[in-house]
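**Student:** One predicted model, sequence on top.
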Amino acid sequence: MQMDQKFTDTTWPAAPEKATLEGKNKYLGFWLFLGGETVLFASLFATYLALKDKVPNADAALAKDIFDLPLTFVATMLLLTSSLTSVYAMYHMKNHDFKRMQAWLVVTVLLGAGFLGLEIYEFNHYVHEFHHTFTSSAFGSAFYTLVGFHGAHVAFGLLWITSLMLRNAGRGLNLYNAPKFYVASLYWHFIDVVWVFIFTVVYLMGMVG
Amino acid sequence: MSTYAKKQGFGATLWDYLTTVDHKKIAILYLIAGGVFFVLGGLEAMFIRIQLAIPNNDFVSAGFYNEILTMHGTTMIFLAAMPLVFAMMNAVVPLQIGARDVAFPFLNSLGFWLFFFGGLFLNLSWFMGGAPDAGWTSYASLSLHSPGHGVDFYILGLQISGLGTLIAGINFLATIINMRTPGMTYMRMPLFTWSTFVVSALILFAFPPLTVGLVLLMFDRMFGSNFFDVAAGGNTIIWEHLFWIFGHPEVYILILPAFGIFSEILATFSRKRLFGYSSMVFATVLIGFLGFMVWAHHMFTVGLGPIANAIFAVATMAIAVPTGIKIFNWLLTMWGGSVKFTVPMLYAVAFIPSFTMGGVTGIMNAVAPADYIFHDTYFVVAHFHYVIVGGVVFGLLAGVTFYWPKMFGTMLNETLGKISFWTFLIGFHLTFFIQHFLGLMGMPRRIFTFLDNQGLNTGNMISTVGAFFMAFAVIVLVINIIITSVKNVKVGNDPWGDGRTLEWAISSPPPYYNFKQLPLVRGLDAYWVEKMDGKTEMTPAEPLGDIHMPNSSILPLTTSLGLFVAAFGALYNMDDDKTWTVPVIIIGLLITLGSMLIRSIKDDHGYHIHKEELTDDHDKGVKA
Amino acid sequence: MVNERLNSANPSFDLKYRRKKNAEEMKHQVITFAMMIFFTLIAFAAVGFDFSKWFIKPVILLLAVVQVIFQLYYFMHMKHKGHNTIALFLFSGLAVGLLTVLTFLTIVWW
Ligand code: HEM
Ligand SMILES: [Cu+2]
């Protein structure tokens, strides 16, 4: 089968991401990678929990002093919604509707960018308001590393999805790029999964004390 | 393609290897690179033993000794044993499951080049201000205060090569899950494939903690964070946990493939089906599982408390059960078989008692209160060399000899092989057996010299003599390889005559597309089953058709090269007087990201070998 | 597999059937999403209203777990057939990760 073969709505397979051996491998390999990422983030969470509120002196900022409920809430809503929009994108991919898929991916990227913007604002705020920096305490180091790793994943996801969209803008869907879009969306959901634990464990539980 | 390799000039062959995505050539690359690092690590071991041959020696200085010791351990584990294991896996596993290649040929090559550049980077430390000197465990309390850039080389080098390992692990998992030939069910997979499968899972879950640990250490050393700095609220125990959560599975990552190789060899040369196949599979999986629950046995003396120590002690002892199952199965495989003592078989037979001794001292170490006495003495050094040399290195030497014909199409000389074997075996026990007693007599680990008149002289001298035996064995092996390669006498599919599994059903070395038609597997030991039915070939599972092949690419090399370049910038960035570091980081990352971008933008559909070409090959006999 | 349906006698009927199934699944996804938002609201509200922390912490953790299960099984399609291997590896990773977290909450000395 020619990989860049053109499809019509009727010939388009129901599971285009797994219709070729390459696609199947990519799909499985990516899930395995996510299994590894789970351990990676768990190690970062563990480190954060061990170092939470561990500071050198009484002046240093603690979790309950710095976090801000409304800001975290808005960021969370942005990211959760972007998860839904990427589901919409995959829905249209399965229906062989390239235009709509691209449109929903654009929305996803915009929401993700909004989230990232808020995070940058937030970090900046902590540094200037509370002198809570990467080097000010073990707590600071652990906090910025955990949340920053997640932020870096968001940034990478944005670059990835954007370059996929640009690369394929001119040629529509085929069995070569369908798995690529699919695993990118899996990645995006995974980022969301991690965020659910970050907002719960770091922010909400941090505020509770 | 490899079919024409013979006619190629040196440049073309080199380019072929730099860009290859063929698992058989990647295996050779791993073998060469791992072999070179093994010799390097061995040389470092010889320096250690020469320094410790007599009391108050000044062959090397104390500081230099620390560097040699650290580099010996790090090189042997990450740059010699692991890649040699990967060489075996790449050479054998796709053939054993009847696949045309691995699931991700491009990533396979990327994994190799990441490992290679990471290892190169680490070893360049020798010429750039000194090697790391905080031990291969690089405990944070020590490594944070190590002056110079040695430890930074350790961090960045391992980070890069660790990435390569992770990629290789995912690749083998996907390969074994998705690429098995028709009829090759999980419970018909040869044990080497099974151990590769379990090991790849261990890699997938063990390397992320190491990655995190190295990142934290890097941040502390290079960017002023405080993870391990107690004065700022940090905690140095975090490093120890992260390191050993990785580190203990790592030792199983090394030993399980050796177990797999020995299972193949013992069945082949006992000319008998492996005893207790399903219990062997079960034991392999169980060892992999338990391997994640015992890491704190390296930290008994940290002061985790009696409850934690007790739990980890019991969990550790539990691993002896599946390991014992394996030992007895191997013995019973030989029992009643018609045993042929080839070189690989000699290693296998010697492995059983040698490894068991290491296992027994392991159980001794697992008794937490007793470990307070053993810890950080030569007793521990003896223990882990018994498992690592008596297990892993024996396994690799056996595996290389056993699979040499499959990789290169020639047979290593048996007489020279036997000379290597006997000197290595004798040297090994001379070197390490006595170290148990040195340890019990109180000789601490990681010391650069010892005093006279403490009863340690004879033992250390014996140990050094043994090391020279092993060096001799390795030299004979190298000579053997050279002679064999020069003579270049080609052999057929099944040169040992008793091959049982699929890899022996195909020519040595196999054509670049492996199986012309995917073979149909009808039982455990697929090739043996056919032999017993009086056939000489596998039954094909598909009609002859076009074969889809991946394209070669230089991008894996450039992607890894970029990280290598960027690492130099990152390493010197902490020095205030160097202004070139940021541009270097940027250039390096641009090379890497640029290569990745090209990879994702340029479609790579591979190419097809047409049916007609395949039939041609058949008529002339397979050329490759 | 699913492709086999491609060859069915009446492709346009087939297409309609598939479209309908996809649309149905999408509806489920939207419901899932609504529930996730709802859980998030509860979690934030619980913290905002300042209940006892012995009450809040377990509740919001539970909500997070449920939410993540929704993500995995609906958004990431793990409820579909053929995800056994994937689930095995994901949950093994999770087990290793949770063990690490447990360790770092108990035996890092303080
Ligand atoms: C075959 C000949 C070998 C000899 C003669 C040898 C000798 C030694 C010696 C004398 C030490 C120093 C112990 C100390 O002072 O604490 C050492 C440490 C070590 N060796 Fe070997 N070794 C050999 C092979 C290997 C192999 C094949 C591996 C791994 C695959 C290995 C792994 C290690 C490790 C991890 C350490 C600990 C380094 C550290 O303390 O940081 N060795 N070896
Ligand atoms: Cu261990």
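**Tutor:** Structure received. What you see is a predicted model, and the numbers here were worked out from it, not measured in a lab. Numbering: from 1, shown residues only, chains lettered A, B, ... in the order given. Ligands and ions are numbered 1, 2, ... in the order given.

**Student:** When you work out contacts or count neighbours from here on, use the C-alpha atoms and nothing else.
**Tutor:** Noted.

**Student:** Provide the secondary structure category for residue B:228.
**Tutor:** Three-state call for residue B:228 (DSSP: H, G, I helix; E, B strand; the rest coil): coil.

**Student:** what's the neighbour count on it?
**Tutor:** Neighbours of residue B:228 under the rule other C-alpha atoms under 10 Å in any protein chain shown: 24.

**Student:** same thing with residue C:48?
**Tutor:** Residue C:48 - counted by other C-alpha under 10 Å - has 14 other residues nearby.

**Student:** got a list of what the spatially closest residue to it that is not a sequence neighbour touches?
**Tutor:** The shortest distance from residue C:48 to any non-neighbouring residue, by C-alpha to C-alpha, 6 or more residues apart in numbering or on different chains, is to residue A:69 (7.6 Å). By C-alpha atoms under 8 Å, 6 or more residues apart in numbering or on different chains, the contact set of residue A:69 is A:204, C:44, C:48.

**Student:** let's go with 10 Å and repeat that
**Tutor:** Contact analysis of residue A:69 by C-alpha atoms under 10 Å, 6 or more residues apart in numbering or on different chains lists A:199, A:203-204, A:207, C:44-45, C:47-48.

**Student:** cool, residue B:596 as well?
**Tutor:** B:555-556, B:558-559, B:590.

**Student:** try it again with 6 Å
**Tutor:** Listed by C-alpha atoms under 6 Å, 6 or more residues apart in numbering or on different chains, residue B:596 has no contact partners.

**Student:** and if you look at residue B:386?
**Tutor:** Counting by C-alpha under 6 Å, 6+ apart, residue B:386 touches residue B:358.

**Student:** do that again at 7 Å, thanks
**Tutor:** The contact partners of residue B:386, by C-alpha atoms under 7 Å, 6 or more residues apart in numbering or on different chains, come to B:354-355, B:357-358.

**Student:** Only C-alpha atoms, please: export the host helix or strand of it in PDB.
**Tutor:** In this structure, residue B:386 sits in helix B:378-387 according to DSSP states H and E. Output in PDB follows, covering the C-alpha atoms of helix B:378-387 (Å, rounded to 0.1, in the frame of the first residue of the first chain):
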ATOM      1  CA  TYR B 378      36.100  -5.400  49.800                       C
ATOM      2  CA  PHE B 379      33.500  -8.000  50.700                       C
ATOM      3  CA  VAL B 380      31.000  -6.000  48.700                       C
ATOM      4  CA  VAL B 381      33.500  -5.500  45.900                       C
ATOM      5  CA  ALA B 382      33.900  -9.300  45.700                       C
ATOM      6  CA  HIS B 383      30.200  -9.800  45.800                       C
ATOM      7  CA  PHE B 384      29.300  -7.600  42.900                       C
ATOM      8  CA  HIS B 385      32.200  -8.700  40.800                       C
ATOM      9  CA  TYR B 386      31.100 -12.300  41.300                       C
ATOM     10  CA  VAL B 387      27.700 -11.500  39.800                       C
END
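
**Student:** What mean pLDDT does that helix get?
**Tutor:** Helix B:378-387 carries an average pLDDT of 97.

**Student:** I'd like the next helix or strand past that helix.
**Tutor:** Following helix B:378-387 in sequence, per DSSP H and E, is helix B:394-408.

**Student:** before we move on, the earlier item: buried by neighbour count, from the contacts of residue A:69: which ones?
**Tutor:** The neighbour count (16 or more other C-alpha atoms under 10 Å in any protein chain shown) marks A:199, A:203-204, A:207, C:44, C:47 as buried among the contacts of residue A:69.

**Student:** Can you name the residues of chain A that neighbour chain C?
**Tutor:** A:10-11, A:13-15, A:31-32, A:35-36, A:38-39, A:42-43, A:45-47, A:49-50, A:84, A:87, A:91, A:95, A:186, A:189, A:193, A:196-197, A:200, A:204-205, A:208 (C-alpha under 7 Å from any C-alpha of the partner chain).

**Student:** and those, which of them are in helices?
**Tutor:** Secondary structure from DSSP state H places A:31-32, A:35-36, A:38-39, A:42-43, A:45-47, A:49-50, A:84, A:87, A:91, A:186, A:189, A:193, A:196-197, A:205, A:208 of the residues of chain A next to chain C in helices.

**Student:** how does chain C divide into domains?
**Tutor:** C:1-79, C:82-110 (automatic domain parsing).

**Student:** Counting by contacts, list what the helix or strand hosting residue A:103 packs against.
**Tutor:** Using DSSP H and E, the element containing residue A:103 is helix A:98-130. When contacts are defined as 3 or more C-alpha pairs under 7 Å, 6 or more residues apart in numbering or on different chains; DSSP states H and E, helix A:98-130 packs onto helix A:69-94, helix A:138-168.

**Student:** JSON lines for the ones you listed, including distance to ligand 1 and mean pLDDT?
**Tutor:** Listed next are those as JSON lines, based on distance: least, C-alpha to the nearest ligand atom, whole Å; pLDDT from 0 to 100:
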{"stretch": "helix A:69-94", "distance to ligand 1": "45", "mean pLDDT": "95"}
{"stretch": "helix A:138-168", "distance to ligand 1": "27", "mean pLDDT": "96"}
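
**Student:** most tightly surrounded among the ones you listed?
**Tutor:** Most buried of the helices and strands packed on helix A:98-130 by mean neighbour count (mean count of other C-alpha atoms under 10 Å in any protein chain shown) is helix A:69-94; its value is a mean of 21.

**Student:** now the contacts of residue A:69 in a markdown table, with distance to ligand 1?
**Tutor:** Shown next, in a markdown table, are those (distance: C-alpha to the nearest ligand atom, whole Å):
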| residue | distance to ligand 1 |
| --- | --- |
| A:199 | 40 |
| A:203 | 40 |
| A:204 | 42 |
| A:207 | 43 |
| C:44 | 49 |
| C:45 | 52 |
| C:47 | 48 |
| C:48 | 51 |
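
**Student:** between these, which is nearest residue A:57?
**Tutor:** Nearest to residue A:57 among these: residue A:207, at 19.9 Å, using C-alpha to C-alpha.

**Student:** Quick check: nearest residue in space to that closest one, chain neighbours excluded?
**Tutor:** Using C-alpha to C-alpha, 6+ apart and skipping residues adjacent in sequence, the residue nearest residue A:207 is residue A:64, 4.5 Å away.

**Student:** And whichever strand or helix holds the one you found, what does it pack against?
**Tutor:** Secondary structure from DSSP H and E places residue A:64 in helix A:63-66. The elements that helix A:63-66 packs onto, with contact taken as 3+ C-alpha pairs under 7 Å, 6+ apart, are helix A:205-208.

**Student:** What is the neighbour count of the one residue in chain A that gets nearest to ligand 1?
**Tutor:** Per C-alpha to the nearest ligand atom, residue A:43 is where chain A lies closest to ligand 1, at 23.8 Å. Residue A:43 has 28 neighbouring residues, counting by other C-alpha under 10 Å.
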